[in-house]
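Undergrad: okay, predicted coordinates and the sequence, questions at the end:
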Amino acid sequence: MSSASPGRHRGYILDYKPNADTRHLLADVEAVLEEYQAHWPLTVRQIFYRLVGARGYDKSERFYGRLCHHLANARRGRKIPFEAIRDDGVSTVTLEHFTDADEFRSVMRRKAQNYRRDLMAGQPLHVEVWCEAAGMILQLAEVAHKYSVQVYSSSGFDSLTAKKRLADRICAIGKPAIILHLGDFDPSGASMFDVISEDVGKFVKADRPNGMVTTEFRRVALTAEQVEDYGLPTAPAKSTDSRARAWTGETCQLEALAPDQIAGLLRDAIDLVVDRELIEIDLEDEAEDRHQLTQLLLPAPAGITASRNNGDWA
């Protein structure tokens, strides 16, 4: 007996035929996706806020639920590309395997062609980006990885394992660290920022190899000033949140910011803490390294093989 819920689709929808209202909604969604294609994948929440802010849709959980439903069906019906939207919270561990030695050599050649230096290795500071929403990691990585800055998600209110790993990373690298954080402007988001910064700071101070290793947490978004400056939609703090008692004023979700606004804020925050001159030097050296590696891993000319006995060319 199938355990699937009645009326719930599985796999692709082969005969997807949305009604007129849904087609109108999806046309607006497609316009949002086209406008922000450079920032794919978007989260469903980001699409929701773009529809509310720019196209006058109702800012309600009812409309959000309807949007989630139709976005799922539109992807199953091949109306919207799967790669345009991210709504997963899956973590995985992968192992690298190869069909044979030829595939290994081919993969190594591609890696040589895409070789990039760790631009943070020569920087006087260690920089990381942490985001409350796991679905936004790929968007933020599009900005941060240009600087070789890694992006992590702090979804799940308080992970002791994640905080200790961050502290261990900082201590092992042995440099002052700046952690750039993006999260919701609400009691939980503010509390998460405070908890992570205080806890990691204590671990680092106890385990650091020398007094030069320090931690500084900087709030990139979302702040009260940004909510006002960008005219973002707000809502009262949830009465079910125990931290709301100490909260003053309205709340706002990070995804109310447009994707390009988030990218700009993060880019500016990273630019403030990195040494651009060192990055330019590294990029020049990276290009030379890439050329040498690519030449080294080119296929051997036809008919030429290496001797198995002494390595001489035959």
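TA: In hand now; what should we look at?
Undergrad: just the strands in the chain please.
TA: Along the chain, counting by DSSP state E, strands occupy 42-43, 85-86, 126-131, 150-153, 177-182, 215-221.
Undergrad: and the ones you listed, which one is worst for confidence?
TA: Across the strands of the chain, strand 85-86 has the smallest mean pLDDT, namely a mean of 88.
Undergrad: so what does that strand touch, helix or strand wise?
TA: Contact here means 3 or more Cβ pairs under 8 Å, 6 or more residues apart in numbering; DSSP states H and E; on that basis strand 85-86 packs against strand 42-43. C-beta coordinates here come from the backbone N, C-alpha and C atoms, glycine included.
Undergrad: got a list of what the closest residue to residue 9 other than its chain neighbours touches?
TA: In space, and not counting its chain neighbours, residue 9 is closest to residue 76: 5.5 Å by Cβ to Cβ, 6 or more residues apart in numbering. Counting by Cβ atoms under 8 Å, 6 or more residues apart in numbering, residue 76 touches 9, 11-13, 16.
Undergrad: hmm, try it at 6 Å
TA: Going by Cβ atoms under 6 Å, 6 or more residues apart in numbering, residue 76 touches 9, 12-13.
Undergrad: what's the average pLDDT for stretch 67-75?
TA: 94.
Undergrad: nope, stretch 232-246 is what I meant
TA: Per-residue scores along stretch 232-246 average to 80.
Undergrad: which residues sit against that stretch?
TA: By Cβ under 6 Å, 6+ apart, stretch 232-246 touches 59, 187, 191, 247, 250-252, 256.
Undergrad: try stretch 38-47
TA: Against stretch 38-47 from outside (Cβ under 6 Å, 6+ apart): 32, 68, 84-87, 135, 138-139, 255, 259.
Undergrad: check which residues of it are buried.
TA: By neighbour count on 16 or more other Cβ atoms under 10 Å, the buried set for stretch 38-47 is 39-47.
Undergrad: dump those residues to a markdown table, plus distance to residue 131.
TA: As requested, the buried residues of stretch 38-47 are arranged in a markdown table below (distance: Cβ to Cβ, whole Å):
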| residue | distance to residue 131 |
| --- | --- |
| 39 | 14 |
| 40 | 16 |
| 41 | 14 |
| 42 | 14 |
| 43 | 11 |
| 44 | 16 |
| 45 | 13 |
| 46 | 13 |
| 47 | 18 |
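Undergrad: so which of the contacts of stretch 38-47 comes closest to residue 51?
TA: Here the nearest of the contacts of stretch 38-47 to residue 51, counting by Cβ to Cβ, is residue 32; it sits at 6.7 Å.
Undergrad: who are the contact partners of that closest one?
TA: 47, 50.
Undergrad: hmm, back to that, for the contacts of stretch 38-47, which one is nearest residue 96?
TA: Nearest to residue 96 among the contacts of stretch 38-47, with distances taken as Cβ to Cβ, is residue 138, at 20.5 Å.
Undergrad: please name the nearest non-neighbouring residue to residue 104.
TA: Nearest non-adjacent residue to residue 104, counting by Cβ to Cβ, 6+ apart: residue 98, 4.4 Å away.
Undergrad: which stretches of the protein have low pLDDT?
TA: 1-7, 88-92, 154-158, 242, 300-314 (pLDDT under 70).
Undergrad: on that earlier part again, neighbour-wise, which of the contacts of stretch 232-246 leads?
TA: Neighbour counts for the contacts of stretch 232-246 (other Cβ atoms under 10 Å) peak at residue 256, which has 26 neighbours.
Undergrad: ok, that residue touching residue 50?
TA: No: using Cβ atoms under 6 Å, residue 256 is not in contact with residue 50, being 9.4 Å away.
Undergrad: how much space separates residue 85 from residue 33?
TA: 8 Å (Cβ to Cβ, to the nearest Å).
Undergrad: oh, that last question was meant for residue 162, not what I typed.
TA: 31 Å.
Undergrad: which of these two has more neighbours?
TA: residue 33 (20 against 17).
Undergrad: sorry, back to before: just the buried ones from the contacts of stretch 38-47?
TA: Among the contacts of stretch 38-47, the ones that count as buried by 16+ other Cβ under 10 Å are 32, 84-86, 135, 138-139, 255, 259.
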